[in-house]
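Novice: Next input, structure requested:
(4 chains)
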There are 2 protein chains.
Amino acid sequence: MREFTPAELAFVKEFKADELHVDAGASFLREGASSEHLYTVLSGWAFRYKMLDDGRRQILNYALPADMVGLQGTLMHEMEHSVEALTPVTLCVFPRSKLWDLYAHFPSLAFDITWLAAREEQLIDENLVNLGRRSALERTAYLLLHLFVRADEAGLVKNGTIQFPFTQQHLADTLGMSLVHTNKTLKRLLLATNAIRWKDRVFEMTNRSLLVEIAGQDVTPRQSRPFI
Amino acid sequence: MREFTPAELAFVKEFKADELHVDAGASFLREGASSEHLYTVLSGWAFRYKMLDDGRRQILNYALPADMVGLQGTLMHEMEHSVEALTPVTLCVFPRSKLWDLYAHFPSLAFDITWLAAREEQLIDENLVNLGRRSALERTAYLLLHLFVRADEAGLVKNGTIQFPFTQQHLADTLGMSLVHTNKTLKRLLLATNAIRWKDRVFEMTNRSLLVEIAGQDVTPRQSRPFI
DNA sequence: CGGGTTCTTGACTAGTTTCAAGCAAAGTGG
DNA sequence: CCACTTTGCTTGAAACTAGTCAAGAACCCG
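Specialist: As a prediction, the model looks like this:
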């Protein structure tokens, strides 16, 4: 992450109106609502999702510490997706009203926000390829790889191991598959290959290169990124 | 689209380094390349896509007049997707080097760029839900609705009719389905419902509300948008 | 120790891909 | 102007993949 100038730092400090704690399972941004705020995740996992009228849910992406959510709602009239806390989450709150000041006076920060938006788009693009063009097994392997790398970037991996807050239902809703089929695919991945371990909310990649081979493509971590 | 101030207008004019013509079928931005330029589509259709190593292709989204492509490649080190002209396309070229000047001196334009990025994200989000959670029939109906509305926004619809440049392979690669199944689904949509007509590259929506009913959700057009 | 949520499994059904072949329209070159 | 090739569309059958239903096991929490 790049260094701030003192002026930027002062502004960002003031920009940060508040800190917000959200319980696991609570949606703090909702589709259809016009959001007054923009958030940066300081700790915990959240996910962006959309629901269809009949209850089908699609998880679009996950947000980890240093990720920003709610920009769409701030720029457009209303949110087109919801965001739910997967674990207890701490958020940094930016009032929408100050976003314009930021653009007017701190172009470097404005640039960073655009960077973050472009990065988010990149992640969804990858997810889209995953759903559209990969088989269930490849898809699942790729998602796990993706989540592992992102958790690693956020510093959540400790000796090859992460605290993994997902239920299989979450993965199913991310992968666009049914719960049952996700379970069976996961089992195939676990037993047949032994490339991963996942038990009691703890996830471990025991054979990364094998997982990469199954996924058909590696996921490379970001070198640097802005943090606002 | 909002009005520019004279100063903005002057800058944008100068910013526009060049105009570029691309033949149908040519990829003018490529995954893995570091792009020196940012483009705005002035006329024609293009599409963003990603390829897997074995040749599978996923189309991520389409770009119509007034849409911007290549922002990711300008901000990041390299492009993570390619862009191909679907019809002959006219592009407006912005040199990457001037993007920073734009942010520094024209915050309103910077804001517009962020708006466009957020809008693009919104579209991919919708596409993701479509692939992940809708059946083949719903999915196809929704895509056609989506394309029709966007073409309409861009002023390409003339008495309920558009020049439709897609092959069924394009739709298949957008929908994440095989060509054969796309063909059969399309036929089901055509015959069983009579909600659309598509022949000789000309597309017509003969029964919009029925199509909406099949898709399970309507697509509402944008009211206003920036254009750079 | 319940009672709820999550995970697991098998059997059955529905949806989708693959393969293969034929057709139609458009484009190319002798 | 007519073979000939190419590209895109269409169709049926067979094989495979994924979803649904149902029920039981395991786990977690108060």
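Novice: Next, count neighbours for A:Gln193.
Specialist: I think there's a mix-up here, since residue A:193 is Thr and not Gln. By other Cβ atoms under 10 Å in any protein chain shown, the residues close to A:Thr193 number 16. (C-beta placed from N, C-alpha, C; glycine too.)
Novice: what about the top helix by length along chain A, near chain B?
Specialist: Longest helix in chain A by number of residues (criterion: DSSP state H): helix A:107-133. Yes - shown here: helix A:107-133 in contact with chain B (Cβ under 8 Å from any Cβ of the partner chain) through A:107-108, A:110-111, A:113-115, A:117-122, A:124-129, A:131-133.
Novice: Stretch A:148-165 now?
Specialist: No - using Cβ under 8 Å from any Cβ, no contact is recorded between stretch A:148-165 and chain B, whose separation bottoms out at 14.5 Å.
Novice: buried set for that stretch?
Specialist: By neighbour count on 16 or more other Cβ atoms under 10 Å in any protein chain shown, the buried set for stretch A:148-165 is A:Phe148, A:Val149, A:Arg150, A:Ala151, A:Glu153, A:Ala154, A:Leu156, A:Val157, A:Ile162, A:Phe164, A:Pro165.
Novice: how about the residue nearest to the fifth one when sequence neighbours are not counted, secondary structure?
Specialist: Ranked by Cβ to Cβ, 6 or more residues apart in numbering or on different chains and with sequence neighbours excluded, the top spatial neighbour of A:Glu153 is A:Pro221, at 5.2 Å. The three-state label for A:Pro221, taken from DSSP: H, G, I helix; E, B strand; the rest coil, comes out as coil.
Novice: What pLDDT does the model give A:Ile228?
Specialist: At A:Ile228, the model reports a pLDDT of 81.
Novice: Identify the residues contacting it.
Specialist: Taking Cβ atoms under 8 Å, 6 or more residues apart in numbering or on different chains as the contact definition, A:Ile228 lies against A:Val12, A:Thr40, A:Met68, A:Leu109, A:Asp112, A:Ile113, A:Leu116.
Novice: The second one belongs to a strand?
Specialist: Yes - A:Thr40 sits within a strand when classified using three-state DSSP.
Novice: partners of it in the sheet?
Specialist: For A:Thr40, the beta-bridge partners are A:Met68, A:Cys92 (DSSP bridges).
Novice: check whether stretch A:126-141 contacts DNA strand C.
Specialist: No - against DNA strand C, stretch A:126-141 shows no contacts by Cβ under 7 Å from any atom of the strand, the least distance being 8.4 Å.
Novice: Stretch A:94-106: which residues count as buried?
Specialist: Within stretch A:94-106, the residues that count as buried by 16+ other Cβ under 10 Å are A:Phe94, A:Arg96, A:Leu99, A:Leu102, A:Tyr103, A:Phe106.
Novice: which stretches of chain A form strands?
Specialist: Taking DSSP state E as the criterion, chain A contains strands spanning A:18-22, A:27-29, A:37-43, A:46-51, A:57-63, A:68-69, A:82-85, A:89-95, A:161-163, A:196-199, A:202-205.
Novice: So for A:Thr140, which of those strands sits nearest?
Specialist: strand A:196-199 (9.8 Å; Cβ to Cβ).
Novice: Let me know how buried A:Gly32 is, in neighbour terms.
Specialist: Neighbours of A:Gly32 (other Cβ under 10 Å): 10.
Novice: Roughly how far does A:Ser82 sit from A:Ser43?
Specialist: Distance of A:Ser82 to A:Ser43, computed by Cβ to Cβ, to the nearest Å: 20 Å.
Novice: which of the two has more neighbours?
Specialist: Ranked by neighbour count (other Cβ under 10 Å), A:Ser82 and A:Ser43 place A:Ser82 first, with 19 against 14.
Novice: Can you name the residues that contact that one?
Specialist: Contacts here follow Cβ under 8 Å, 6+ apart; on that basis A:Ser82 touches A:Ser27, A:Leu29, A:Arg30, A:Glu31, A:Arg48, A:Tyr49, A:Lys50, A:Met51.
Novice: One more pass at 10 Å, please.
Specialist: By Cβ atoms under 10 Å, 6 or more residues apart in numbering or on different chains, A:Ser82 lies in contact with A:27-33, A:47-51, A:57, A:60.
Novice: likewise A:Phe94?
Specialist: When contacts are counted by Cβ under 10 Å, 6+ apart, A:Phe94 touches A:12, A:15-18, A:36-40, A:68, A:70-71, A:74, A:102, A:113, A:228.
Novice: Does A:Phe15 touch A:Tyr103 like I think?
Specialist: No - counting by Cβ atoms under 10 Å, A:Phe15 stays clear of A:Tyr103, with 11.8 Å between them.
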